[in-house]
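# Everything below, folded, please.
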Amino acid sequence: MAQLEQLASAHESLVELLRNMPRRALAEIVCAAVNVSSDDVAEIYERTPSVEVSGLARAARKVAADLVLVVHTLDGRILEIWIFEVQLSWDRNKRWIWALLQAAFAAESRTNAMVVVVAPSPRLRARMRRKLVPHVAPPLILLEPDQIKLIDDADEARRRPLETILGAVYHAREDSPFSARVAGIRAALLALQTLDSISCRRYTVLVMSIAPTAVVQQAMEELRERGELDEGRFETFTEMEREGYSFNHGREEGLHIGQIVTLRRAVVDILGLRGFAVSGGQRERIETCSDLETLERWYDRARALAVDGTLEQLFDR
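As a prediction, the model looks like this:
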């Protein structure tokens, strides 16, 4: 089968995911963020995301959001305008753009309009909370992981693929246990396999771009061992891209990461074979270590550790 070109960036893929998600599921996420009941929401319609803003010292100009949804009540009234903005990198100027979008859509619809920021990176959200959110008026909504369900059940992932992918991406970089993040990405990979080829490739770009390498590799390995991984569905590079600098630089980094993942498993396996009981905390420490020299030192110590020794000796400096 001929390779398809990479269909979108991570930003475009996340916007497309939000656009195609079941409206009710998206409403529940936003309503949870603003602490209101979703029972008041009857219908949700997408509208043109651009609006014209007149200037005082210059000609009017168009500004556009990533996604704009019009929320209607049971009696047909417009309840609110939700302006979705996907943010994957820091941009201080967004505070002015978001203020413009809120004012323009509110004035046009004669109802409340609010910006809903979708930012999967916890570090980026923390920076936005400190340096952007306090300066935006009216206040914006910054989606947090506790408002987006992490689906780790295989059957549910196949029934609700888009919600599964969003949850996996949003929780992939959190401080939650490594095993929980792996379970989320594992479910997302199963969800991807239920989609048509174009959607699968589009959202694969999203998952592979945002989720940490170690999490994805562990999830893929677990599915591979179970015989549940369709390897051919996760090819995201064309022949031309494979010849470029970015791919080959990433490949070198990938080989380095591969050594790290292999050593992590080897340390745990050797300790188990030698009869040492590895606690959950110790396993977590090994599986999240990303320093090759440290893992090599632990590997050597695991092989030489006295039978009456303790695992604390493994981690000693």
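# for Arg283, helix, strand, or coil?
What DSSP: H, G, I helix; E, B strand; the rest coil gives for Arg283 is helix.
# pLDDT wise, what is it at?
For Arg283, the pLDDT comes out at 87.
# Quick check, it in contact with Val268.
Yes. In this structure, Arg283 is within contact of Val268 by C-beta atoms under 8 Å, at 6.3 Å. From N, CA and C alone the C-beta is placed, and that goes for glycine too.
# List phi and psi for Val118.
For Val118, the backbone dihedrals (degrees, to the nearest 10) come out as phi -110, psi 100.
# Which strand in this structure has the most residues?
For the chain, the longest strand by residue count, based on DSSP state E, is strand 78-86.
# And the average pLDDT for the next helix or strand after that one is what?
Downstream of strand 78-86, the first helix or strand assigned by DSSP states H and E is helix 94-109. Averaging pLDDT along helix 94-109 gives 88.
# list the buried ones in helix 94-109?
Lys94, Arg95, Trp98, Ala99, Leu101, Gln102, Ala104, Phe105, Ala106 (16 or more other C-beta atoms under 10 Å).
# does the fourth one really touch Ala137, like I thought?
Yes. Between Ala99 and Ala137 there is a contact at 6.9 Å, judged by C-beta under 8 Å.
# If we ignore the residues flanking it in sequence, what's nearest Arg23?
Spatial nearest neighbour of Arg23, excluding adjacent residues (C-beta to C-beta, 6 or more residues apart in numbering): Ile44 at 4.3 Å.
# what's the average pLDDT for the one helix or strand the one you found maps to?
Using DSSP H and E, Ile44 maps to strand 43-47. Strand 43-47 shows a mean pLDDT of 91.
# hmm, who's touching the very next helix or strand once past that strand?
The helix or strand immediately downstream of strand 43-47 is strand 50-53, counting by DSSP H and E. Defining contact as C-beta atoms under 8 Å, 6 or more residues apart in numbering, one finds that strand 50-53 is touched by Ala60, Arg61, Lys62, Val63, Ala64, Ala65, Leu100, Leu101, Ala103, Ala104, Phe105, Glu108.
# Can I get those in JSON lines including distance to Trp298?
What follows is the contacts of strand 50-53, written out as JSON lines (distance: C-beta to C-beta, whole Å):
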{"residue": "Ala60", "distance to Trp298": "63"}
{"residue": "Arg61", "distance to Trp298": "58"}
{"residue": "Lys62", "distance to Trp298": "57"}
{"residue": "Val63", "distance to Trp298": "53"}
{"residue": "Ala64", "distance to Trp298": "51"}
{"residue": "Ala65", "distance to Trp298": "49"}
{"residue": "Leu100", "distance to Trp298": "53"}
{"residue": "Leu101", "distance to Trp298": "51"}
{"residue": "Ala103", "distance to Trp298": "56"}
{"residue": "Ala104", "distance to Trp298": "57"}
{"residue": "Phe105", "distance to Trp298": "55"}
{"residue": "Glu108", "distance to Trp298": "61"}
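# so which pair among those residues is furthest apart in space?
Ala60 and Ala65 (17.0 Å; C-beta to C-beta).
# Neighbour count for these two, which is higher?
More crowded of Ala60 and Ala65, by other C-beta atoms under 10 Å: Ala65, with 26 against 8.
# my read: the more buried one touches Gln102, true?
No. Taking C-beta under 8 Å as the definition, Ala65 is not a contact partner of Gln102, at 9.8 Å.
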